[in-house]
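[1] output the structure for:
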Amino acid sequence: MEMIKLVNGKGDIIERKKIDYLPNIKIWEQRGWKPYVEPKVEPKPEPTIDYEWQKSKPILKENESQENFEERLTGWENAKPKKKSKKKGK
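    All right, here's what the predicted structure looks like:
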């Protein structure tokens, strides 16, 4: 059986059989009930991602040896993005 949703001025929603509603439309409207029309929900736009942006490579510091710099550079290339951890409540 087909059902129809009705809404009144307060915003209450009821569901009734369509065969009970159609012959008595005037009575339902006098009592303040109208067919419920679901609001259209617009999808949220997806955020644009800038793929061209790159993290700048580390540069050699003044007081740093070449070996330390190369070690830091390999660590930068293999580094994974850090995940944000949830803080536990006390």
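[2] could you measure from Glu64 over to Met1?
    Using CB to CB, to the nearest Å, we find Glu64 at a distance of 79 Å from Met1. Bear in mind the C-beta positions are built from the backbone N, C-alpha and C, glycine included.
[3] those two: which is more packed in?
    Glu64 (12 against 6; other CB atoms under 10 Å).
[4] so that one, which of the three states?
    Per DSSP: H, G, I helix; E, B strand; the rest coil, the local secondary structure of Glu64 is coil.
[5] pLDDT score for it?
    Looking at Glu64, its pLDDT stands at 74.
[6] likewise for Thr74?
    Thr74 is assigned 73 on the pLDDT scale.
[7] going forward, begin numbering at 7 instead of 1
    Right, with 7 as the first residue, what we last looked at is Thr80.
[8] what's the burial count for it?
    Neighbours of Thr80 using other CB under 10 Å come to 10.
[9] confirm that it sits in a helix.
    Yes: assigned with three-state DSSP, Thr80 falls within a helix.
[10] report the separation between it and Lys67.
    The gap separating Thr80 from Lys67 is 16 Å, by CB to CB.
[11] tell me the spacing between the residue nearest the centre of the chain and Lys11.
    In the chain, the residue lying closest to the centroid (CA atoms, centre = their mean) is Lys50, at 6.8 Å. Going from Lys50 to Lys11 by CB to CB gives 26 Å.
[12] that's all I had, so thanks and see you.
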